[in-house]
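Trainee: sequence-free structure coming up:
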């Protein structure tokens, strides 16, 4: 694995070059002869991760005042944040992402989120996945609507895949998406007669949910069977950590390398609802972040030059309170952090307008305010990475025109 | 065609007719019995539909509404044979958590002196713990009793409602010590209250160590300036040193403060519902009201791991929740007052009515029905039996539009398949594993919302595949510890030829709800591969046929 001490040492160095420098994957992809289709990988940190301890505003005294026991120390000291730009620092447990920030393939967006005021996990996740904050009646997910906008291209049944036991809200809809936890076991464990029998039974069952779901399942199972992606071993010495996210990302990499037409992949990872005993540089959140960042780093390493065709983005339903609570944890807050990593990313930069943490700058006197709507980030990614032709129905009633984008992708 | 085959054909024709005759806008008696067994039970076993029809579906429902009057000795005896089922929280912690703590402590000590990895050392120590004292025994047995009861208990509606309320008041077994507290939670908190008043059920959950731990109220205490006087000592809870709580830095100063997790969820999920007009301020104020509601430790006397109100940790300041004012200096009665208010709020009545109708009637329950059930809730002081009765007695429940309109949850699906083939369960762990694959591990919902009662969440590609694979394994008798014999479901002599065997099996497993298309698909795929000259039909394909039936779109519905 990556040597943490190396980054602790080198993190103090000034960054070479500006954010205009093309990131390493763009260079690799240009050199490579394989041109696969583009893929967007979205990771949902369910439970509301504490973004203020992921990308630490160490330049702000108010951060340390608000968090006497769980703040991540300033860079330089023991367990200190890894300096990104003199104001923000990376949680030391995210060290394995540092090389990607340095080679300009990773960027962070701070003070980003969903503008609805809810502090309910359920509602906030729902709003973020439907892409319509504040509107409950939206039936489908915004990634599904985005895929639905891409007509005319040959549709792979594996164009949208969620690595989860249930299809997440964000991919629910008519565009078709499949959910699975294990590529190798996806399919009917019986002879051709049996699986053919089920297939024609479900083809007859036109009634809503069941029929549609089944067709996608059987088509996807057929492709998986012939492509056999699970035989692919991680490359470039990538070592996925144990746990659900590592497992999901490993399989997403297999799908990408198998050229089965994957355009959108989704994985979620939970365990971020740190109401008590959150910890600072070490502890509960730190342990989860280590696993989280090592999984992402392994994925990036595994894909190597193919990462030029991939953008990975993370999200979480809301942030957490600026002040730590009575149990050395944090309660439900507002704005948060997103990570964007991959080909085309103009990395090496923390994007977004910083609203500040002094009490009059906080949202409802307690939380980090939102200065970037998460839809503006996704609007840019969907347009530039997936060539979604129009965002009107993807984010209905919301102006996500190019003028509002942060310019994260080239 | 020989005589038995003709008889079978006649029965099938009849069943087929009854299965389709919904055109007169009324369910037939057979459909009513099947509907009741699907919604108010975990599906029919062979013979159940006839038995319910014989006494009348209303008689059966009335019996089910009074589960205490249904003898259930066989299942009770099996549950009683599981050692942890009769232990208190404290006994479970002592027996099953103590070895974990001891292993941690020893591993820590060893890791200090040398090169030994702490985790590896802990694993070493745990290996020395006898298998029947390992911590996983507790959850294994709890899962086992739940599956056994759902599949085999005659108090079927009771088990359906246990499933509903355990989910409504969800506690996740993966959070800290909750895996040791869930046994008592289900047995002492949920089960005794599901036929009583909602307020009593709500109060029992609010004072349960499992919920207090899960939603962090056990650690929520007044900010120092709002404490009546400085606490003299450090409070932990449960077994041992209370290591889950932040440690005090000074001997005499209790660390900690407000945690609003439970206050938010009791309003949003347990009572009022998310759009009920309460504010962030109400959440924070309710959290203050509920400070001091926590869990005992051994120093409190008693055996530990029980509810206690600690006045010294309670916020002594003035508070206002949803317009209700509390003067300074109050105690536990403040929380009890608020729970009473929440339990009787019209928004709560509506929220509970909606969820109940969604579970029992339709994913999008008719608003008029929800309103009526909510009114019943308010008129009966939240009598949960009367609420369930109001749902079942409604025309909407029996409307043909509700018939087979819901897709089974994974738990409903697996258990109904086991019941349909009349399988005997000697070891439910294979079923528990299947539930995990199909997406509903028992006690495994991490968010406080619990699992959804709507089809679109359950029916997705991967889960559907796993349902079909479960059906094939079950029917082929390949689930270890679950023994079924699908051949025996067809009366002797009626399996004379292939086509009629399929018809008879379809009738036995689904009560005649299999469409003609599905039946002919099965026949063409399986049966007609056997040349007619190969008759007599040897039944070896029947498990596959049964697997296809149990995996069919029709069997996914209820």
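Mentor: Arrived safely, thanks for sending. Values in this document were obtained by computation on a predicted structure and should not be read as measured data.

Trainee: Would you agree residue B:392 is in contact with residue B:32?
Mentor: No. The pair residue B:392 / residue B:32 is not scored as a contact, 11.1 Å apart, by Cβ atoms under 8 Å. (C-beta placed from N, C-alpha, C; glycine too.)

Trainee: pLDDT of stretch A:203-210, averaged?
Mentor: Averaging pLDDT along stretch A:203-210 yields 66.

Trainee: likewise stretch B:156-173?
Mentor: pLDDT averaged over stretch B:156-173 gives 97.

Trainee: ditto for stretch A:176-195
Mentor: Here the average pLDDT along stretch A:176-195 is 86.

Trainee: buried ones in that stretch?
Mentor: For stretch A:176-195, burial by neighbour count (16 or more other Cβ atoms under 10 Å in any protein chain shown) applies to A:176-181, A:183, A:186-188, A:190, A:193-195.

Trainee: Would it count as contacting chain B?
Mentor: Yes. Using Cβ under 8 Å from any Cβ of the partner chain, we find that stretch A:176-195 touches chain B at A:177-181, A:186-190, A:193-194.

Trainee: Mind telling me the two of these farthest from one another?
Mentor: Spatially, the most separated pair among these is A:177 and A:193, at 28.2 Å (Cβ to Cβ).

Trainee: Quick one: the helices in the stretch 1-150 of chain A, in order.
Mentor: A:4-10, A:24-31, A:51-54, A:61-66, A:98-102, A:121-130, A:142-149 (DSSP state H, counting those that start in this stretch).

Trainee: Now the weakest link among the ones you listed, please, by mean pLDDT.
Mentor: Looking over those, mean pLDDT reaches its minimum on helix A:4-10, with a mean of 32.

Trainee: Please enumerate the strands of chain A.
Mentor: Taking DSSP state E, the strands of chain A run over residues A:39-45, A:55-56, A:82-83, A:89-90, A:106-113, A:160-162, A:178-179, A:264-269, A:310-315, A:336-342, A:350-351, A:372-373.

Trainee: highest average neighbour count across those strands?
Mentor: Compared across the strands of chain A, strand A:160-162 shows the largest average neighbour count, a mean of 31 (mean count of other Cβ atoms under 10 Å in any protein chain shown).

Trainee: For the strands of chain A, give me a markdown table that also has distance to residue A:147.
Mentor: Output for the strands of chain A, formatted as a markdown table (distance: least, Cβ to Cβ, whole Å):
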| stretch | distance to residue A:147 |
| --- | --- |
| strand A:39-45 | 10 |
| strand A:55-56 | 30 |
| strand A:82-83 | 36 |
| strand A:89-90 | 33 |
| strand A:106-113 | 23 |
| strand A:160-162 | 5 |
| strand A:178-179 | 12 |
| strand A:264-269 | 6 |
| strand A:310-315 | 15 |
| strand A:336-342 | 19 |
| strand A:350-351 | 25 |
| strand A:372-373 | 21 |
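
Trainee: To residue B:117, which of these lies closest?
Mentor: Closest among these, using Cβ to Cβ: strand A:264-269, at 25.3 Å.

Trainee: So which elements touch the closest one?
Mentor: Judged by 3 or more Cβ pairs under 8 Å, 6 or more residues apart in numbering or on different chains; DSSP states H and E, strand A:264-269 is in contact with strand A:39-45, helix A:142-149, strand A:160-162, helix A:244-257.

Trainee: any idea of the mean pLDDT in that strand?
Mentor: 97.

Trainee: from the middle of its chain, how far away would it be?
Mentor: Mean C-alpha position of strand A:264-269 versus that of the full chain (Cα atoms, centre = their mean, to the nearest Å) differs by 7 Å.

Trainee: quick check: angle from it to strand A:310-315?
Mentor: Orientation check (axes from the mean of the first three to the mean of the last three Cα atoms, to 10 degrees): strand A:264-269 against strand A:310-315 gives 40 degrees.

Trainee: Spell out which residues of the stretch 101-250 of chain A are next to chain B.
Mentor: A:118-123, A:165-167, A:172, A:177-181, A:186-190, A:193-194, A:196-198, A:200-202, A:204-205, A:207, A:209-211, A:213-214, A:216-217, A:220-221.

Trainee: What subset of these is buried?
Mentor: So, by 16+ other Cβ under 10 Å, the buried ones in these are A:118-123, A:165-167, A:172, A:177-181, A:186-188, A:190, A:193-194, A:196-198, A:200-202, A:204-205, A:209-210, A:213-214, A:216-217, A:220-221.

Trainee: In helices, which of those residues fall?
Mentor: A:121-123, A:193-194, A:196-198, A:200-202, A:204, A:209-210, A:213-214, A:216-217, A:220-221 (DSSP state H).

Trainee: if I look at the residue of the stretch 1-150 of chain A found nearest chain B, how far off is residue B:436?
Mentor: Relative to chain B, the nearest point of the stretch 1-150 of chain A is residue A:122 (5.1 Å; Cβ to the nearest Cβ). According to Cβ to Cβ, to the nearest Å, residue A:122 and residue B:436 sit 22 Å apart.

Trainee: Also residue B:51?
Mentor: In terms of Cβ to Cβ, residue B:51 sits 33 Å off from residue B:436.

Trainee: Between those two, point out the one with more neighbours.
Mentor: Using other Cβ atoms under 10 Å in any protein chain shown, the more surrounded residue of residue B:51 and residue B:436 is residue B:436, with 16 against 13.

Trainee: name the element the more buried one belongs to?
Mentor: In this structure, residue B:436 sits in helix B:429-438 according to DSSP states H and E.

Trainee: Neighbours of residue A:61, how many?
Mentor: Count around residue A:61 with other Cβ under 10 Å applied: 11.

Trainee: Could you do residue B:461 as well?
Mentor: Neighbour tally, residue B:461, other Cβ under 10 Å: 28.

Trainee: pLDDT wise, what is it at?
Mentor: Confidence score, pLDDT, at residue B:461: 71.

Trainee: give the contact list for it.
Mentor: A:167, A:177-180, A:213, A:216-217, A:220 (Cβ atoms under 8 Å, 6 or more residues apart in numbering or on different chains).
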